[in-house]
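Engineer: next come a sequence and a model predicted from it.
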Amino acid sequence: MTFRTKLFLLFMIALLLSVGIVVVGVTTVTRRAFQDSNGAHSEALVAQFEREFDRHKQDIVHRVQGVADAEATVRMAIDLSRPKADVSVYVNDARGVSASHQLDFLDFASDDGSIISSNESPARFGYKIDWLAQPQDWASLGAFLMRVDTQDGPALGLMAVSVVRVGDKNLYILGGERLGKDFLASLVLPSGMRALLYMNLDPSFQAIDLVDESGPVTDGERFGQFIEDERAQPGAGSFKIAWTPDAASAESFHELPLVGRQGELLGTLLVGNSQREVVMLERRIILLAAGVAAMGLLFGLLLSWWGAARVTLPVRKLAEGAREVSGGNWRTRVEVKGHNEISQLAKAFNRMTEQLSEQRERLVQAERVAAWRELARRLAHELKNPLFPLQTTVENLQRAKEQSPEQFEEVFRESTGILLSEIDSLKKIVGRFSDFAKMPQPEIAAVNLNETIRGVVKLFESQFGTVGRPPITPELHLEEGLPPIQADEALLRRAIENLVLNAMDAMPAGGVLMLRTTHQNGEVDLEISDTGSGLTREECDRLFTPYYTTKQHGTGLGLAIVQSVVSDHGGRISVESESGVGTSFYIHLPAKPPERPASVIVEKASSNGE
Amino acid sequence: MKVRSLVLLAVTSAVLLAAGRAEPARRPRYGGRLLVEIGTVVSSFDPSVSPASAEEAAAKEEICALIEEPHKPEGACAGTAGSGAFRIAEWDPGKHLTLEANPSYRGGRPFVDSVEIQMGRASRDRLLDLEVGKADVVEIAPEEARRASQQGVRVTISQPDELVAVAFVPHHMISELENMREALSRSIDRAAIVSFILQKEGQPAGGLLPQWSSSTAFLFSTAVDLAAAKKLWAQISGFHPSAPTAGAAGTAVSPKIVLGYDANDSLEQSIAERIAVDAREAGGSVTAVAVTRGSPGSEDARIVRLRMASPNPSEALARFMEVLGPMTGANTDPPRAQATPQQIYDTERAIVSGYRIVPLAWFPRVYGLSMRVRDWKTPGPSETWPLADLWLGDAQ
């Protein structure tokens, strides 16, 4: 994964996180805001209900007092105050009076609480309302909730009591209004809200007792558990009902207990608040946020791509420059713009390549000088050995000519023989140097490396066990099925022979010579290891330098030739050595060499296995 | 003294003078149109057409008695049309009927020239029409008699000859429980029904015949026995025929009696609702439901109204048993025609002791009359409207 991609992904992740946090934050804040708003609406409705309830109470009190103040009622009270008064004549009065005073419930009761006339239950005449005749300040009590038995069954009423006293006899007027759907219809509710009334008239929850402004509530059974909880423990509370799996169908309800004179629970007002608008608005906000997020992401994607490209451009140029440098282009320079860290890095890179180039130049010059010096030293050393016999032989010839002419002929024969021999040595020396200078171009053909190795080992087999010398044990670990490689077998054989000879030279006290072949990734690998005394790090570093040798009589061309052969085949050679343990050479050859052999890459070597 | 004597003389003279002027008005006078209003609707005088209700049947019989002579025992309007005191002049079925006097009536021409009968008039409208002079004879519900009288309406009240009772429908699971029938009977406050609903125009009924007819009605208790009723309701509260496992499970199931009343009869409705209240106070459960007369219903019992067919107790009782026997399943033998009071009492006792018939109250027929109606004779049992015998005087 490129740096640009990583940077781009980093930007995107940061953007996603930012957008996600914003979306979640906006949604959460919005939801809470709407929940608070809903709560406020519900509280307002509850407050409105309480105000409406108080207003109804006062209205009921006034209307019942109006009945008590009516002339007919006063006449009734006067009539009933007489001894042996006939109450039956008034049995139907409640119906007409309640209609004229717009009261749903109206009872006239005598001094002992016996019903004289009842509108809601006309047939209950004569029966007593025990609590009515008990001492009570009805005026200060005001209106109160009460369970009212009607002909159609029990009902919930908002009632008030007025008393007309004539002499020592009271006439009680108990009147009120039915609390039900009509009362709920009188409440003005905001859109999405509704008020339900549960009339606690039965021993257990009955769905028919739960009404809204149009009558019994549809699916009233769903409220059963909540109502039962309220009945068990009266008090304000709230709950939520999801009518369908869709969250938008949910409706939250606030409970307001309605109690009677004795504090008994007679009903529960449920203020319902539909969650539809909230959920729909929340969904719209989420959709909007998602849209904005998507747009932001798209924009961020483009911006990140452009930004990553812009930010990584100098880095890519640096990387490209580094690749150029690694490819051998030491004079590579990267363009420098601005004054930020990247530009400073680019400047440093340019300085580095410049310094590297200069150092390399100096190193090349120094190595060239050193090589020339070494060459000169070698050449001088090689040439000095044959020259000294040549000089001595010529001097012997001169002395023989001057001092012993009779022996000159014999001396001449001997001397010319010596001269020819030494001149032959000189020619050989010059030939070796010439051979190195003129390494032949490889002639490529399919080569079985294992067979080549076996041939080399067979060639040196007699020398491994030479009498009077510690034996060297060859160990071959040649991979079966090694693919043939495209190479010049003669050059390869020469390179392997040089390495085997080096290994033999490194093991004067005998040892193990191990040759191993493997192949992987289209390459054939050859390892040649000895158990000799090993090399120092400096020796490893200069090992492939032409004319460098650690041996007394070496030319310093053997490993240079090996390196040249490997290089000509597009391969690599490296060396690992540890002092006292041995040395290993690793050759990696492509199965098929490149059209134009690349430069040999000399891998870093170390004397301690690094 | 002289002045006082003169004043006394003047007053006495005035009274005598007034009496002298009124004396000619007491002689029957021919002519005039009698305006009658009834609440019932009669749709047909065809004897083959069955009346929709007992009230229609009764009204049909009353009218047919005016246009037929003699009245046939086979039923209303089975006689010869035109043989009665009146003949039909105009007939708008269900609304209006005009009868004209039959001069060839064998009993003599009626005093009035014609009778105009308005049908289906509401009780309040009838009273108003009477007060403003738009009607001469109107039917008044017994429960409105007292108020009408207090308002100055000329009211005439018959002997209480109509019985209202609860009749249990036979072969119903609930109605077959005698202790439940007894519990209901003992729960009912008959005195309250008479005092409040009938406005004291009637008598609580413990037996089937009124005191004025049988002279033994006082032997039947009409008092509410709340303690006994509560005990009986409690005894049967653990048993409900429709819940066969209730008793075994030990769960108390409140027994419920469905009590039907005529949907068009407000008196029956009031009484049924009062019975429901009384039963509830005693621990029982009665549901009052409106039913259409003659239609089969699911009620366990019904409110019934029975008018005496004869002032003779044995005849009246026998007629009651003819009607109530099939209705309730009571199979007591009717009394003989010349039965003694003791035999009549025993028969009554045998009928009511099974509580299949629970008498509630007796109430009279009440009519409102205008001031110009003369010689009205309130009809008794088996008697019809005496329209042929009355005459119209001055409104004063």
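Structural biologist: Arrived safely. Residues are numbered from 1 along each chain as shown, chains lettered A, B, ... in the order given.
Engineer: for the stretch 201-350 of chain B, which segments count as helices?
Structural biologist: Applying DSSP state H, counting those that start in this stretch to the stretch 201-350 of chain B gives helices spanning B:211-214, B:226-236, B:246-249, B:266-281, B:313-328, B:341-353.
Engineer: what does the stretch 101-250 of chain A give?
Structural biologist: In the stretch 101-250 of chain A, the segments counted as helices under DSSP H, counting those that start in this stretch are A:138-141, A:181-185, A:224-232.
Engineer: adding mean neighbour count and distance to chain B, write those helices out as JSON lines.
Structural biologist: C-betas here are computed from N, CA, C, even on glycine. Output for the helices of the stretch 101-250 of chain A, formatted as JSON lines (neighbours: other CB atoms under 10 Å in any protein chain shown; distance: least, CB to the nearest CB, whole Å):
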{"stretch": "helix A:138-141", "mean neighbour count": "12", "distance to chain B": "25"}
{"stretch": "helix A:181-185", "mean neighbour count": "17", "distance to chain B": "24"}
{"stretch": "helix A:224-232", "mean neighbour count": "16", "distance to chain B": "21"}
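Engineer: rebuild those as CSV, extending it with distance to A:Ala293 and mean pLDDT.
Structural biologist: Shown next, in CSV, are those (distance: least, CB to CB, whole Å; pLDDT from 0 to 100):
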stretch, distance to A:Ala293, mean pLDDT
helix A:138-141, 62, 86
helix A:181-185, 44, 85
helix A:224-232, 39, 88
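Engineer: pick the most buried one from the helices of the stretch 201-350 of chain B.
Structural biologist: Among those, helix B:266-281 has the highest mean neighbour count (mean count of other CB atoms under 10 Å in any protein chain shown), at a mean of 22.
Engineer: helices or strands next to that one in the packing?
Structural biologist: helix B:142-150, strand B:162-168, helix B:178-187, strand B:257-262, strand B:286-291, strand B:301-307 (3 or more CB pairs under 8 Å, 6 or more residues apart in numbering or on different chains; DSSP states H and E).
Engineer: how big is the angle separating the fourth one from helix B:178-187?
Structural biologist: Relative orientation of strand B:257-262 versus helix B:178-187 (axes from the mean of the first three to the mean of the last three CA atoms, to 10 degrees): 60 degrees.
Engineer: ok, residues contacting strand B:257-262?
Structural biologist: Applying CB atoms under 8 Å, 6 or more residues apart in numbering or on different chains, the external contacts of strand B:257-262 come out as B:53, B:166, B:174-175, B:180, B:184, B:268-269, B:271-272, B:275-276, B:279, B:284-293, B:297-303.
Engineer: which among these end up buried?
Structural biologist: Among the contacts of strand B:257-262, the ones that count as buried by 16 or more other CB atoms under 10 Å in any protein chain shown are B:53, B:166, B:174-175, B:180, B:184, B:268-269, B:271-272, B:275-276, B:279, B:284-286, B:288, B:291, B:293, B:299-303.
Engineer: get me the contact residues on chain A for chain B.
Structural biologist: For chain A, the residues in contact with chain B (CB under 8 Å from any CB of the partner chain) are A:86, A:88-89, A:91, A:121-127, A:151.
Engineer: so can I have a markdown table of the helices and strands packed on helix B:266-281 showing mean pLDDT?
Structural biologist: Listed next are the helices and strands packed on helix B:266-281 as a markdown table, based on pLDDT from 0 to 100:
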| stretch | mean pLDDT |
| --- | --- |
| helix B:142-150 | 89 |
| strand B:162-168 | 94 |
| helix B:178-187 | 91 |
| strand B:257-262 | 91 |
| strand B:286-291 | 91 |
| strand B:301-307 | 91 |
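Engineer: so who does residue 302 touch?
Structural biologist: All of this refers to chain A. Contact partners of A:Leu302, counting by CB under 8 Å, 6+ apart, are absent.
Engineer: ah, no, chain B please
Structural biologist: Contacts of B:Arg302 (CB under 8 Å, 6+ apart): B:166-167, B:169, B:259-261, B:291, B:327.
Engineer: for A:Phe585, give the beta-bridge partners.
Structural biologist: Bridge pairing for A:Phe585 (DSSP bridges) gives the partners A:Ile528, A:Val575.
Engineer: what about it, distance to chain B?
Structural biologist: 105 Å (CB to the nearest CB, to the nearest Å).
Engineer: that residue reaches A:Ile528, doesn't it?
Structural biologist: Yes - the criterion here is CB atoms under 8 Å, and A:Phe585 meets it with A:Ile528 at 4.8 Å.
Engineer: anything in contact with each of the two?
Structural biologist: Jointly contacting A:Phe585 and A:Ile528 under the rule CB under 8 Å, 6+ apart are A:Leu499.
Engineer: number of nearby residues for the residue of the stretch 351-500 of chain A found nearest chain B?
Structural biologist: Using CB to the nearest CB, A:Gly481 is the residue of the stretch 351-500 of chain A that sits closest to chain B, at 93.0 Å. A count of neighbours around A:Gly481, defined by other CB atoms under 10 Å in any protein chain shown, yields 6.
Engineer: do B:Cys64 as well
Structural biologist: Neighbour count of B:Cys64, defined by other CB under 10 Å: 22.
Engineer: can you give me the pLDDT of it?
Structural biologist: The model reports B:Cys64 with a pLDDT of 88.
Engineer: host element of it?
Structural biologist: Assigned by DSSP states H and E, B:Cys64 belongs to helix B:54-67.
Engineer: gap between that helix and the chain center?
Structural biologist: Its chain's average C-alpha position is 14 Å from that of helix B:54-67, according to CA atoms, centre = their mean, to the nearest Å.
Engineer: residue ranges with poor pLDDT in chain A?
Structural biologist: Scanning chain A for pLDDT under 70 picks out A:436, A:438-439, A:547, A:552-555, A:593-610.
Engineer: could you do the stretch 1-150 of chain B as well?
Structural biologist: Applying pLDDT under 70 to the stretch 1-150 of chain B flags residues B:1-26, B:70-79.
Engineer: residues from it in reach of chain A?
Structural biologist: Checking the stretch 1-150 of chain B against chain A by CB under 8 Å from any CB, the hits are B:146-147, B:150.
Engineer: reformat the residues you listed as TSV; add neighbour count.
Structural biologist: Converted to TSV, the residues of the stretch 1-150 of chain B next to chain A look like this (neighbours: other CB atoms under 10 Å in any protein chain shown):
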residue	neighbour count
B:Arg146	19
B:Arg147	15
B:Gln150	10
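Engineer: closest one of those residues to A:Gly157?
Structural biologist: Using CB to CB, B:Arg147 is the member of these that sits closest to A:Gly157, with 28.8 Å.
Engineer: now the closest one: how far from B:Gly368?
Structural biologist: For B:Arg147, the distance to B:Gly368 (CB to CB, to the nearest Å) stands at 11 Å.
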